[in-house]
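Q: Quick check, what structure comes out for this input:
(chains A and B)
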Protein chains: 2
Amino acid sequence: MTETTENKDLVQEQQDVQADTTAENVEQAEVQEETAELSIEEQYEAKLAELQAKLEDEENRHLRLRADFDNMRRRQQLDREAAEKYRAQSLLSDLLPVLDNFERALQVETTSEEAASIIKGIDMVYRSLIEATEKEGLQVIKAEGEPFDPNVHQAVMQEQDSEKETGIVLRELQKGYLLKDRVLRPTMVSVNE
Amino acid sequence: MTETTENKDLVQEQQDVQADTTAENVEQAEVQEETAELSIEEQYEAKLAELQAKLEDEENRHLRLRADFDNMRRRQQLDREAAEKYRAQSLLSDLLPVLDNFERALQVETTSEEAASIIKGIDMVYRSLIEATEKEGLQVIKAEGEPFDPNVHQAVMQEQDSEKETGIVLRELQKGYLLKDRVLRPTMVSVNE
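A: The predicted structure is shown next:
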């Protein structure tokens, strides 16, 4: 139930109260009009019936509110779980291009001892970054050698490799990522014709 | 109000209902006992009073539930806002040591053109990482030259610099970070005696 339907319930409830009050006035007017013709018992029975009806209305109103309350609590619990589950989504999405650039920077060919040593140090930083993102639920989508899956792969080209099956991912052109069960970015792939 | 107090309210409500029912039984018993002695008017008045009391109880019960409902909705809104505001806290906390190591790796002295070029490329990656964390609300705490503030600084040593004021942060030994208005990690500092 959305906030809007809740508001509708509130409005409905207020209308119920107004309707009750109107019904009450009408009944009172009727009771007064007919007073002369009714016996005391009949008058009392009418009043009792009126009160009984109001009591039932009130009980129904309470049951409806109780149900709204329980629904709201359930919904709140689900909302909280979903927000918690995907809490890092925004930051992780922003980290994907950082990871891309990081990987590109580390793929440089080194010719000197010094450069190789720097790359080695930076590679450790990269691994610790990956570890932190994995802890929050980031996972690389498997691609190369897997059957093409439109849910997690985006085909950007077709190639031919007669030694491999049709519809198999031949190359990964850009890494794709899941956040737990949600696709943050599909893998860009080439598919075997 | 916590989940526990809510449950208490529910229990209270159930007890109210039971109390109402008991009161009703007692009243009915009394009504029956006194039937012989009471006029028809008095019997009806007693029944009316009984129903009126039940109706008032029911209305009060409804008001209490309505208040619980509104409290819960307000609380839910606040919970949602807080969860949203600090959603990246867990991942950002895990990224702090990554940032430390990253900065350490970039501070290496380079002697070759190749090494300098690698560092330059990696420095761009570092900047894009910082940018992504800033977007989620991560900020470096100001330290050097600031008056020591125990809310955001952790003094790990004292030093003497007669040219500077007492209680001023002389050096930053480890960077500290805020997530919006919350201290994720205080800055480790040396303070002027």
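Q: Walking through chain A, point out its helices one by one.
A: Taking DSSP state H as the test, the helices found in chain A are A:3-34, A:40-85, A:89-106, A:113-135.
Q: the inter-axis angle of the shortest one versus helix B:40-85?
A: The reference is to helix A:89-106. Angle, helix A:89-106 to helix B:40-85, by axes from the mean of the first three to the mean of the last three Cα atoms, to 10 degrees: 10 degrees.
Q: In JSON lines: the helices of chain A, plus distance to B:Ser162, mean neighbour count and mean pLDDT.
A: The C-beta positions use only the backbone N, C-alpha and C, and glycine is treated the same way. Shown next, in JSON lines, are the helices of chain A (distance: least, Cβ to Cβ, whole Å; neighbours: other Cβ atoms under 10 Å in any protein chain shown; pLDDT from 0 to 100):
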{"stretch": "helix A:3-34", "distance to B:Ser162": "63", "mean neighbour count": "12", "mean pLDDT": "53"}
{"stretch": "helix A:40-85", "distance to B:Ser162": "53", "mean neighbour count": "15", "mean pLDDT": "92"}
{"stretch": "helix A:89-106", "distance to B:Ser162": "45", "mean neighbour count": "18", "mean pLDDT": "96"}
{"stretch": "helix A:113-135", "distance to B:Ser162": "39", "mean neighbour count": "17", "mean pLDDT": "95"}
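Q: So what are the structural domains in chain A, by residue number?
A: As given by automatic domain parsing, the domain ranges for chain A are A:3-85, A:89-192.
Q: Tabulate the ones you listed (TSV), appending distance to chain B.
A: Listed next are the domains of chain A as TSV, based on distance: least, Cβ to the nearest Cβ, whole Å:
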stretch	distance to chain B
domain A:3-85	4
domain A:89-192	4
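Q: Out of the ones you listed, flag the one nearest B:Arg74.
A: Closest approach to B:Arg74 among the domains of chain A (Cβ to Cβ): domain A:3-85, 11.9 Å.
Q: circling back: to B:Glu45, which of the domains of chain A lies closest?
A: For the domains of chain A, the distance to B:Glu45 is smallest for domain A:3-85, at 8.3 Å, taking Cβ to Cβ.
Q: need the contact list for A:Glu172.
A: A:Glu172 is in contact with A:Ala143, A:Glu144, A:Thr187, A:Met188, A:Val189, counting by Cβ atoms under 8 Å, 6 or more residues apart in numbering or on different chains.
Q: In these, find the pair that's most separated.
A: Distance extremes for the contacts of A:Glu172: the farthest pair is A:Glu144 and A:Met188 at 12.0 Å, using Cβ to Cβ.
Q: And the two? Which one has more around it.
A: The residue with more neighbours, out of A:Glu144 and A:Met188, is A:Met188; 17 against 12, by other Cβ atoms under 10 Å in any protein chain shown.
Q: Would you mind confirming that that one makes contact with A:Tyr177?
A: No: contact status for A:Met188 versus A:Tyr177: not in contact, 11.8 Å apart, counting by Cβ atoms under 8 Å.
Q: residues contacting A:Thr110?
A: A:Thr110 is in contact with A:Ala116, A:Ile119, B:Glu114, B:Ile118, counting by Cβ under 8 Å, 6+ apart.
Q: Can you tell me which of those residues comes closest to B:Glu163?
A: Distance to B:Glu163 across the contacts of A:Thr110 (Cβ to Cβ) is lowest for B:Ile118, with 39.5 Å.
Q: For A:Gln139, see how far away the closest residue to A:Gln174 other than its chain neighbours is.
A: Distance criterion Cβ to Cβ, 6 or more residues apart in numbering or on different chains; nearest residue to A:Gln174, sequence neighbours excluded, is A:Met188 at 4.1 Å. For A:Met188, the distance to A:Gln139 equals 17 Å [Cβ to Cβ, to the nearest Å].
Q: Equivalent analysis for A:Ser39, please.
A: As for A:Ser39, its distance to A:Gln139 is 82 Å (criterion: Cβ to Cβ).
Q: Compare neighbour counts for those two and give me the winner.
A: Just comparing A:Ser39 and A:Gln139: by other Cβ under 10 Å the higher neighbour count belongs to A:Gln139, 14 against 8.
Q: Per-residue pLDDT of the more buried one, please?
A: A:Gln139 carries a pLDDT value of 98.
Q: ok, now which ones touch it?
A: Here A:Gln139 is in contact with A:Tyr177, A:Leu178, A:Leu179, A:Lys180 (Cβ under 8 Å, 6+ apart).
Q: cool, A:Met188 as well?
A: Going by Cβ under 8 Å, 6+ apart, A:Met188 touches A:His153, A:Gln154, A:Val156, A:Glu172, A:Leu173, A:Gln174, A:Gly176.
Q: quick one: contacts for the fifth one?
A: The neighbours of A:Leu173, taking Cβ under 8 Å, 6+ apart as the test, are A:Val156, A:Met157, A:Met188, A:Val189, A:Ser190.
Q: Narrow the contacts of A:Gln139 to those in strands?
A: Among those, the members found in strands (DSSP state E) are A:Tyr177, A:Leu178, A:Leu179.
Q: which among those residues end up buried?
A: Buried residues within the ones in strands among the contacts of A:Gln139, counting neighbours by 16 or more other Cβ atoms under 10 Å in any protein chain shown: A:Tyr177, A:Leu178, A:Leu179.
Q: Dump those residues to JSON lines, plus distance to A:Thr166 and pLDDT.
A: Shown next, in JSON lines, are those (distance: Cβ to Cβ, whole Å; pLDDT from 0 to 100):
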{"residue": "A:Tyr177", "distance to A:Thr166": "27", "pLDDT": "98"}
{"residue": "A:Leu178", "distance to A:Thr166": "26", "pLDDT": "98"}
{"residue": "A:Leu179", "distance to A:Thr166": "31", "pLDDT": "97"}
